[in-house]
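K.L.:
missing the sequence, but the structure's below:
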């Protein structure tokens, strides 16, 4: 009876933990202009500006500072004008090649004698391809008005953006796990090599893998006089699928347009799992590379599986 009571208490505790909502992590991308052409109808004397895409709140926010200006020989109050702050709901997100997103946020009140306010911005924060030239983000801020008895009017401001530098306190701390076991599954030229040690670090946006490889020689077989290179990769996270029994994380970097190589890491993270399944390894990881061998004229694919604790 005592053991039955303890089992019931443990089951209630697990259920209670499952009902506690996880803390909400803000998914925000910030940009600042490299070049701006601001219409005087929006801001006559613009200063610094910034853009923020908040995927958690589903909004886009633009801020343009108004510089203090006083015409010659005029008496002006020494007060800084308020900035132009526009925050709009996102109405569409179109995913393009290589992880580029076209985000549109707008409010249209023209049917009730109001204005249309729209921000279009290109989000390049999760690029999965390498380019010979740097990819630039662009944004436009457009306003249109149409009142009864007057002609419609419109104004557009254009921006070329760069990713804003994140402040140090916002940088997340990576979780690091130590290698416990693993194997080279396919495509590796030397089958007598085995993974021996290593680690994987997972942050909010990056996976970093490092695994040492050593020759696996039997006493009756000669051993090569060299140490094979380690498996090393640092890839951006492109998707996270959360579930009650762990998180599925995919990190990907496609450089095939540059050097013909694709790297991919697929992780099952059981560290925060709440299901009853008993997991001996906190992290199960598959590492895949894919490319084209110009010498042999054929595609090469390698794969390895590792476990970490």
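P.N.:
The structure has been received and is ready for your questions. Keep in mind it's a predicted model, so treat the numbers as computed, not measured.

K.L.:
and the residue located most distally from the centre of the chain, what are its phi and psi?
P.N.:
Computed with CA atoms, centre = their mean, the maximum C-alpha offset from the centroid of the chain is found at residue 73, amounting to 52.1 Å. Per-residue torsions, residue 73: phi 70, psi 20 (degrees, to the nearest 10).

K.L.:
Distance of it relative to residue 40?
P.N.:
Residue 73 is 22 Å from residue 40, where distance means CB to CB, to the nearest Å. For every residue, glycine as well, the C-beta is placed using N, CA and C.

K.L.:
And for residue 231?
P.N.:
The separation that residue 231 has from residue 40, given CB to CB, amounts to 57 Å.

K.L.:
These two - which one has more neighbours?
P.N.:
Neighbours per residue (other CB atoms under 10 Å) separate residue 231 from residue 40, with residue 231 holding more: 20 against 10.

K.L.:
ok, that one - contacts?
P.N.:
Each residue near residue 231 by CB atoms under 8 Å, 6 or more residues apart in numbering is listed here: 195, 198, 209-211, 213, 287, 304.

K.L.:
let's see it at 6 Å
P.N.:
Residue 231 makes contacts with residue 211, as judged by CB atoms under 6 Å, 6 or more residues apart in numbering.

K.L.:
bridging residues for it?
P.N.:
For residue 231, the residues forming beta bridges with it (DSSP bridges) are residue 211.

K.L.:
Excluding chain neighbours, what is closest to residue 51?
P.N.:
residue 31 (4.4 Å; CB to CB, 6 or more residues apart in numbering).

K.L.:
Tell me the secondary structure at the one you found.
P.N.:
Three-state assignment for residue 31 (DSSP: H, G, I helix; E, B strand; the rest coil): strand.

K.L.:
same check, this time on residue 271
P.N.:
Classification of residue 271 into helix, strand or coil gives coil, according to three-state DSSP.

K.L.:
Just give the closest residue to it, not the sequence neighbours.
P.N.:
residue 282 (4.7 Å).

K.L.:
I figured the one you found was touching residue 268, is that so?
P.N.:
No: look at residue 282 against residue 268 with CB atoms under 6 Å: they stay out of range, at 9.6 Å.

K.L.:
where along this structure do the helices fall?
P.N.:
Along the chain, counting by DSSP state H, helices occupy 2-19.

K.L.:
and the residue nearest to residue 51, how many neighbours does it have?
P.N.:
The number of residues packed around residue 31, counting by other CB under 10 Å, is 25.

K.L.:
Give me the pLDDT value at it.
P.N.:
With respect to pLDDT, residue 31 scores 94.

K.L.:
Am I right that residue 233 is in contact with residue 208?
P.N.:
No: the pair residue 233 and residue 208 fails to qualify as a contact (CB under 6 Å) at a distance of 7.3 Å.

K.L.:
which ones are touching residue 63?
P.N.:
The contact partners of residue 63, by CB under 6 Å, 6+ apart, come to 50, 83, 85.

K.L.:
Run a quick neighbour tally on residue 155.
P.N.:
When neighbours are counted by other CB under 10 Å, residue 155 comes out with 14.

K.L.:
Let me fix that, I meant to ask about residue 153.
P.N.:
12.

K.L.:
In this structure it contacts residue 145, no?
P.N.:
Yes: A contact is recorded between residue 153 and residue 145 when judged using CB under 6 Å, the distance being 5.4 Å.

K.L.:
circling back: for the residue nearest to residue 271, which residues are in contact?
P.N.:
Residues touching residue 282, when contacts are defined by CB under 6 Å, 6+ apart, comprise 177, 270-271, 309.
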